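A.B. asks: Requesting a structural model of the entry that follows:
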Amino acid sequence: MVDVLVLGGGHAGVEAALACARMKQKTMLLTMHINMIASMPCNPSVGGPAKGIVVREIDALGGEMGKAADHTALQLKMLNTNKGPGVQSLRVQSDKLAYRKYMQDVCLHTDNLEVKECIVEKINFKDKKVTGVTLSDGSVIECKALILTSGTFMSSNILVGHTSTESGPEDEPTTKNLSQSLRDQGIRTFRLKTGTPARVYTDSIDFSKTEVQPGTKDFVCFSYDTKKEDVLPYEKQWNCYLTYTTPLTHQIIQDNLQKSAMYSGLVKGVGPRYCPSIEDKIVRFADKERHQIFLEPESKDLDTTYIQGFSTSMPHDVQERMLKSLPGLENCRIKKYAYAIEYDAIDPLQLKPTLELREIENLFCAGQINGTSGYEEAAGQGLMAGINCALKLQGKEPLILNRDEAYIGVLIDDLVTKGTKEPYRLLTSRAEYRLLLRHDNADARLSEKGYAVGLLPKHRIDAYRKKQQDIQEYTEKLSMIRFTPKSSVSEYLQENGFDALHDGMSALELLRRPNITIRGLSPYMDLEISDEVAKQIEIEVKYAGYIAKAKKEAARLQSMEKVKLININYDEVENLSLEGRAKLKAIQPFTLGQASRISGVNPADIAVLAIYLKQRK
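C.D. replies: Numbering: from 1, shown residues only. Below you'll find the model as predicted:
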């Protein structure tokens, strides 16, 4: 008997298992192959818009993905640096083999965590409570709680052209009976589809016909533990490259559409809207003359390049012609062809905000099984499922992140409140308070929470608290430093398009102006501030009005989140709309705030509920 079984060694499973083990639960991670733990079957990268902030949040809570990404990065690039801080995020081009090895080593050397190679045949239940699993050899492992993180392996099929093959990603076996053991307990499943592009031999690409995409020169990282010497120096980082589809590419695809698994009727599942196959792009955006295609290295120990943006389920001969129509790839040699994969997922509306199933006690689900796409979304869910599973076994209150506290909170709230019919991808546009959910302030939002649950180590919380103290101290000092019209700081102001000072002004007031920075003011002040603290102060000062407005709106939302909806019979609540009543009964929201975000529950329903709660109280 173990405390927690984690079924699946992907990005969700790793974070879930590490969280439970570090929170002193006797944990066992079950995986088909130890050497495939934390593998990257699709794009060899971590982060990107919104996703990069999720990785930062995982690290702030005490998770592992950020450290692994930093230490195994081939290239680090800060995105959207010409835009506001609310949309800036980090993306690293990963060494997929090194990343996998890093995570495997961590899992194999973590106290309270045992890793076991096996194939799980079914999940066992008694009286709507999980009891353990039965393995393919007939043996049984019992547990107090189970976290299911099977990714795209449940009843999965690989689709190429008109051919469907029972298989998981990277030619691993599929778990055929798991879905049925869930359905036998009344859990709803549905089919989803995703895909991955081809890999070609790097030495067969003519990069002179493409555009170089370098990383960021300044030191950037995901983890607050990472030091400059831990990441690859800029001069040694690998480049990515940009090429485009051509009219010939589009013609080949149009001429062969019915050979694609997606358009031949073979695919039953719904594909990702925000990461479509190349044939889907050509059909949906017929007016576009070309589409971007990124060429990305996979590992320093591999001779392959990943063709980002060129996912397809066309037959191999058509894929070859498509690839050779791209500038720079005219003579490419293909190592691995693209394919689509179809698999079972569970309807996430059946989950509590803790990621525990509503109808099955102590069964938590995380990752692509919940209908999401992406390593980062999976890891964020895995971490939260692990935290809440451990907290439940400890008899403690769950940790539920609000929408104004973390992108992870937005992700989970969207899944359990709105559900999904397609692979869900996190976007900055999904967050109402994205100016509050920034790359630079993940520690301020989540460090105390990670420390409170026992996941963030002491040295990290001490460093965070010291940083917050420095921010407050130096903000006060900047407010006390005053420049007079005679000050030479006027030269710096004029260089940046401002008039010379006519009245006295503090350094803090000057920072409100665009392009005026602490680094720029430093020659005129006797003050040494670290880059990290300086950046935080600048953002807080320059965006003070917007941040205050967002916090005010978030506070209004929080008042609704504090109103719990416990043991309510919605049939007894008079004057609810028919649709609102049906949705409230089906989803059983935890708070009035969550109820207000359910599609089909209108403002009048929320007003009726509020009155009902007041009367009952």
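A.B. asks: Skip the chain neighbours and tell me the closest residue to Lys458.
C.D. replies: Excluding the flanking residues, the one nearest Lys458 by C-beta to C-beta, 6 or more residues apart in numbering is Tyr451, at 8.0 Å. To be clear about C-beta, it is placed using only N, CA and C from the backbone, and glycine gets the same treatment.
A.B. asks: Tell me where the stretch 251-400 of the chain is predicted with low confidence.
C.D. replies: For the stretch 251-400 of the chain, applying pLDDT under 70 flags the ranges 262-274.
A.B. asks: shaky segments in this protein?
C.D. replies: Low-confidence segments of the chain (pLDDT under 70): 262-274.
A.B. asks: what distance separates stretch 48-68 from the centre of its chain?
C.D. replies: Computed by C-alpha atoms, centre = their mean, to the nearest Å, the chain-centroid distance of stretch 48-68 equals 8 Å.
A.B. asks: Do me a favour and get the end-to-end distance for that stretch?
C.D. replies: 16 Å (C-alpha to C-alpha, to the nearest Å).
A.B. asks: how far away is the residue nearest to Lys458 from Ile141?
C.D. replies: 32 Å (C-beta to C-beta, to the nearest Å).
A.B. asks: same check, this time on Leu508
C.D. replies: Leu508 sits 60 Å away from Ile141, going by C-beta to C-beta.
A.B. asks: Over to Arg482?
C.D. replies: Arg482 is 69 Å from Ile141, by C-beta to C-beta.
A.B. asks: And for Leu557?
C.D. replies: Applying C-beta to C-beta to Leu557 and Ile141 gives a distance of 42 Å.
A.B. asks: do the same with Glu359
C.D. replies: Distance, Glu359 to Ile141, using C-beta to C-beta: 23 Å.
A.B. asks: element containing Ile539?
C.D. replies: Using DSSP states H and E, Ile539 sits in helix 531-542.
A.B. asks: And that helix, what's buried?
C.D. replies: For helix 531-542, the neighbour count (16 or more other C-beta atoms under 10 Å) marks Val533, Ala534, Lys535, Gln536, Ile537, Glu538, Ile539, Glu540, Val541, Lys542 as buried.
A.B. asks: And stretch 169-177, by the same measure?
C.D. replies: Within stretch 169-177, the residues that count as buried by 16+ other C-beta under 10 Å are Pro169, Thr174, Thr175, Asn177.
A.B. asks: same check, this time on stretch 7-26
C.D. replies: Buried, per 16+ other C-beta under 10 Å, within stretch 7-26: 7-23, 25-26.
A.B. asks: do the same with stretch 251-260
C.D. replies: The neighbour-count check on stretch 251-260 (16+ other C-beta under 10 Å) flags Ile252, Ile253, Asn256, Lys259, Ser260 as buried.
A.B. asks: The residue nearest to Lys458 should be in a helix, yeah?
C.D. replies: Yes - under DSSP: H, G, I helix; E, B strand; the rest coil, Tyr451 falls within a helix.
A.B. asks: His459 is in contact with that one, correct?
C.D. replies: No - with contact defined as C-beta atoms under 8 Å, Tyr451 does not count as touching His459 (10.8 Å).
A.B. asks: So which of those two has more stuff around it?
C.D. replies: Higher neighbour count among Tyr451 and His459: Tyr451, with 19 against 9, using other C-beta atoms under 10 Å.
A.B. asks: how about the more buried one, what does it touch?
C.D. replies: Neighbouring residues of Tyr451 by C-beta atoms under 8 Å, 6 or more residues apart in numbering: Gly62, Lys458, Arg460, Ile461.
A.B. asks: try Gln350
C.D. replies: Ile187, Arg188, Leu357, Arg358, Glu359.
A.B. asks: Which one of Leu557 and Ile141 is surrounded by more residues?
C.D. replies: Using other C-beta under 10 Å as the criterion, Leu557 and Ile141 rank with Ile141 on top: 20 against 16.
A.B. asks: partner residues bridging the closest residue to Lys562 other than its chain neighbours?
C.D. replies: Excluding the flanking residues, the one nearest Lys562 by C-beta to C-beta, 6+ apart is Thr591, at 7.3 Å. Under DSSP bridges, the beta-bridge partners of Thr591 are Lys564.
A.B. asks: from memory Thr591 sits against Val563, does it?
C.D. replies: Yes - assessed by C-beta under 8 Å, Thr591 is found in contact with Val563 at 6.0 Å.
A.B. asks: more crowded one of those two?
C.D. replies: Between Thr591 and Val563, Thr591 has the larger neighbour count (other C-beta under 10 Å), namely 19 against 16.
A.B. asks: For that one, which residues are in contact?
C.D. replies: Thr591 neighbours (C-beta under 8 Å, 6+ apart): Met560, Glu561, Lys562, Val563, Lys564, Leu565.
A.B. asks: Select only the buried ones of the residues you listed in PyMOL?
C.D. replies: Those of the contacts of Thr591 that count as buried under 16+ other C-beta under 10 Å are selected in PyMOL with:
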select buried, resi 560+561+563+565
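A.B. asks: Report the buried residues of the helix or strand hosting Ala555.
C.D. replies: Assessed by DSSP H and E, Ala555 sits inside helix 544-561. Within helix 544-561, the residues scored as buried using 16+ other C-beta under 10 Å are Ile547, Ala550, Ala554, Leu557, Gln558, Met560, Glu561.
A.B. asks: Tell me the helix or strand right after the longest helix seen in the chain.
C.D. replies: Ranked by number of residues, the top helix in the chain under DSSP state H is helix 458-480. Using DSSP H and E, the helix or strand that follows helix 458-480 in sequence is strand 482-483.
A.B. asks: Next secondary structure after that following strand?
C.D. replies: Counting by DSSP H and E, the next helix or strand C-terminal to strand 482-483 is helix 489-495.
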